[in-house]
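Q: please find the sequence and the predicted model below.
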Amino acid sequence: MKNRIKLLLTGAMLIVMLASTVLTSFTLPMNTDITDNYIYDYYGEAVKAPVAYKAEKVISGADLGIAVNFEPVDLFARNGKLYVVDKGNSQILILDESYNIIKTVKNLKDTADYKIPRIYQWIVDEHGNEKEDPTVLNNNPKTFNSPEGIYVTEDGMIYVADTENRRVVVCDEDGNVYNCYQGQSITPPVLDNFVFKPLKVTVDRTGSMQIIAYSVNRGLLEVTSDGEFRVFFGAPAVSFDAADWFWRVIASDEQKKKLVRNVPTEFSNICIDNKGFIYATIATVDAEAMSSSYQSGVSGAGAPIQKISPSGSDVLRRNGVYSPIGDLEFSIMDPPKMVDVAVDEASGRYTALDAKTGRFFTYDADGNLLYIGGGSSLNQYGRIKNAASITLLGDDVVVSDTGNDTLTVYKITDYAKTINKAVSASANGRFEEALVEWKNVLKMNSGLYIAYTGLGKAQMRIAMTDSDLEGYEQALEYFSLANEKDYYSKTFKELRKDSLSKNFGTLVLIGAVIVAGIIALYVVSKIRKKKKHERGA
């Protein structure tokens, strides 16, 4: 009897799971008719849009004077310079704003106060004993070995995730080394048989490093400026649905051992803003979680982009009509694959790179999609085969392509430039300017609903400053055109409050007149009654 009940429950659960899969697939069909230049409208449909960025230049290793093995896996921009991690040749390239090499960091040198130590060669075996690892015994400490990540501080210090040498190297543009972070002190005490292989690195204002390390899925490793492991933080949420729970309830102890463990996924890349918030991407998110809640502020296991606060919480704002996930139309079997993100600190805009499509998606600080650029193709100029990293160099967007082993430079168009001006003006409180720029955007793309939202917000702020009732009415009209319900309600409340405040004197006067009239009628009534009573007597 028990077996029969188990069998019936299992069959019912399989039917539910199959139905949910079919529904999800039909809800988000694969879009095969997306034009090169498009945006998503309020209803989630891909519609044509002006070009935001044009491919201006494709730079190969040969263009840079590198004969073989050019493999640009990570990019970073600072103070008008582009830093390229060339993993294939184990070097760092430094380019100017014209994309010419000005320096190459390949050979590392001791400084007066620091001597480069030997590569840390000790590992812990399965019995907990330390032993020498023969794979790194002969590594040269004065060269990089397949580096994969880079961060550059304001004063020009370069932090390199020297992956196969199992260390983070701190040096200047001339290769002078000031520190190497490696060894047992970095090893988290809770990880058994851990081998430190840094993949990506950022540095905060205290000098502490946040590191994505190979095979670590507990979040970022935070390492102090003294090279001591401090804590894991910002671990991506796990996905644990009803089906998982059901199978674990009915499974035998032997079957439970064979079930897949729910563990957090790993970050694919990180960058940090000037306020200490870390923007991170996750390439392997839960596609079903993303597809089922992308219209309702998707976070947790379905969020491919996160903004991690110093406390480790994801605080990315997802206040747009759709969550920041890249393309809204995708197959469950082939979801977006976000591999990097770049931030414009002046306005709070951020741009995320999807390796699957080779496209980059730019959002404002609230999570509204502003425009889309890039695109993938095997053999087409300006198209990406395997997107790896993205950065902003001035107004340019630079994407590294490890499929073609090239850098693609995208130049901004007037359309994207005008949107950026509008977003920046709004973010910095210049609402009159924002009003003008959003109107200019609408001249180029009258169907861009977020432009009406931007106009409404700017008009509302101006009306609040001036107590302008007509301004509120105009803002309500803009929000209505954008289908923006939340701000419409806020503006209506402000309008009602200001209207009452502005007409308070008149309302008091009218009230006083009404009260006086009522009192007068009462007095007259009393007098008449008295006279009538006297006549009767």
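A: Noted; the coordinates are in hand.
Q: hang on, Met290 in a strand?
A: No - assigned with DSSP: H, G, I helix; E, B strand; the rest coil, Met290 falls outside any strand and is helix.
Q: what is the neighbour count of it?
A: Neighbours of Met290 under the rule other CB atoms under 10 Å: 24. No exception for glycine: its C-beta is placed from N, CA and C like everyone else's.
Q: how much space between the closest residue to it other than its chain neighbours and Pro236?
A: In space, and not counting its chain neighbours, Met290 is closest to Gly302: 3.7 Å by CB to CB, 6 or more residues apart in numbering. Taking CB to CB, to the nearest Å as the measure, Gly302 falls 10 Å from Pro236.
Q: check Arg205 too.
A: In terms of CB to CB, Arg205 sits 24 Å off from Pro236.
Q: so which of these two has more stuff around it?
A: Pro236 (25 against 11).
Q: my guess is that one meets Pro304, correct?
A: No - using CB atoms under 8 Å, Pro236 is not in contact with Pro304; the gap is 9.7 Å.
Q: any figure for the gap between the closest residue to Asp204 other than its chain neighbours and Val409?
A: Nearest non-adjacent residue to Asp204, counting by CB to CB, 6+ apart: Gly276, 5.3 Å away. Distance of Gly276 to Val409, given as CB to CB: 30 Å.
Q: just Val85 next, same as before
A: 17 Å.
Q: neighbour count: those two, which is higher?
A: Between Val85 and Val409, Val85 has the larger neighbour count (other CB under 10 Å), namely 28 against 20.
Q: confirm the more buried one sits in a strand?
A: Yes - counting by three-state DSSP, Val85 is part of a strand.
Q: distance check, it against Lys337.
A: Counting by CB to CB - Val85 and Lys337 are separated by 20 Å.
Q: Ser291 touches Asp334, doesn't it?
A: No - counting by CB under 8 Å, Ser291 does not reach Asp334; the two are 11.5 Å apart.
Q: which one's more surrounded, the two?
A: Neighbours were counted for Ser291 and for Asp334 using other CB under 10 Å; Ser291 has more, 22 against 11.
Q: tally of neighbours for the spatially closest residue to Asp327 that is not a sequence neighbour?
A: Among residues not flanking Asp327 along the chain, Pro336 sits closest, at 5.8 Å (CB to CB, 6+ apart). Per other CB under 10 Å, the neighbour tally for Pro336 reads 23.
Q: OK, contacts around Pro336?
A: 290, 304, 325-327, 330, 354, 356-357 (CB atoms under 8 Å, 6 or more residues apart in numbering).
Q: same check on Val423?
A: So Val423 contacts 347-349, 364, 370, 454 (CB under 8 Å, 6+ apart).
Q: hmm, try it at 10 Å
A: Neighbouring residues of Val423 by CB atoms under 10 Å, 6 or more residues apart in numbering: 344, 346-349, 362-366, 368, 370, 434, 437-438, 441, 450, 454.
Q: just the helices from this structure, written as ranges.
A: For the chain, the helices defined by DSSP state H cover 2-27, 242-250, 253-258, 287-293, 414-427, 431-444, 449-466, 469-481, 485-502, 504-536.
Q: could you report the pLDDT at the residue lying closest to Ser376 once chain neighbours are set aside?
A: Spatial nearest neighbour of Ser376, chain neighbours left out: Gly358 (3.2 Å); criterion: CB to CB, 6+ apart. What the model reports for Gly358 is a pLDDT of 94.
Q: before we move on, what about Val170?
A: 98.
Q: which residues does it bridge with?
A: Tyr159, Asn179 (DSSP bridges).
Q: next, count neighbours for the nearest residue to Ser311 once chain neighbours are set aside.
A: In space, and not counting its chain neighbours, Ser311 is closest to Phe233: 7.8 Å by CB to CB, 6+ apart. For Phe233, the neighbour count with other CB under 10 Å is 18.
Q: now do the contacts for Phe233.
A: Counted by CB under 10 Å, 6+ apart, Phe233 has contacts 210, 218-222, 278, 308-313.
Q: can you do 8 Å?
A: Counting by CB under 8 Å, 6+ apart, Phe233 has contacts 219-220, 222, 308, 311-312.
Q: hmm, Asp395 and Lys411 touching each other?
A: Yes - under the contact definition of CB under 8 Å, Lys411 touches Asp395, with a separation of 7.5 Å.
Q: restricted to strands, list the contacts of Phe233.
A: 220, 222, 308 (DSSP state E).
Q: so which of these comes closest to Ala283?
A: Lowest distance from Ala283 to the ones in strands among the contacts of Phe233 (CB to CB) belongs to Leu220, with 15.3 Å.
Q: that older thread, ok, what's across the strand from the residue nearest to Ser311?
A: Leu220.
Q: for the nearest residue to Leu191 once chain neighbours are set aside, give me its contacts.
A: Sequence neighbours aside, Val216 is the residue nearest to Leu191 in space, at 7.4 Å (criterion: CB to CB, 6+ apart). Shown in contact with Val216 (CB under 8 Å, 6+ apart): 188, 191, 194, 232, 266.
Q: let me see the confidence value for the fourth one.
A: Right, the one you point to is Phe232. pLDDT, Phe232: 91.
Q: equivalent analysis for the second one, please.
A: Looking at Leu191, its pLDDT stands at 75.
Q: tell me how many other residues crowd it.
A: Leu191, neighbours per other CB under 10 Å, totals 17.
Q: so what does it have for phi and psi?
A: phi -100, psi 130 (degrees, to the nearest 10).
Q: so Val47 touches Asn37, yeah?
A: No - using CB under 8 Å, Val47 is not in contact with Asn37, being 10.1 Å away.
Q: between those two, tell me which one has more neighbours.
A: Asn37 (18 against 14).
Q: how about the nearest residue to the more buried one, chain neighbours excluded?
A: Val51 (4.8 Å).
Q: enumerate every residue touching the residue nearest to Glu433 when sequence neighbours are not counted.
A: Distances taken as CB to CB, 6+ apart place Ala425 nearest to Glu433, at 4.1 Å, with adjacent residues excluded. By CB under 8 Å, 6+ apart, the residues touching Ala425 are 431, 433-434, 437, 458.
Q: count the residues that sit near Tyr178.
A: Tyr178 has 13 neighbours, counted by other CB under 10 Å.
Q: what's the nearest residue to it if we skip its chain neighbours?
A: Val170 (5.0 Å).
Q: for that neighbour, give me its contacts.
A: 157-160, 177-181.
Q: returning to that earlier point: Ala62: which of the ones in strands among the contacts of Phe233 is nearest?
A: Using CB to CB, these come closest to Ala62 at Leu220, 36.5 Å.
Q: count the neighbours of that closest one for me.
A: Other residues close to Leu220 by other CB under 10 Å number 25.
Q: go ahead and confirm it touches Ile278.
A: Yes - using CB under 8 Å, Leu220 makes contact with Ile278 at a distance of 7.3 Å.
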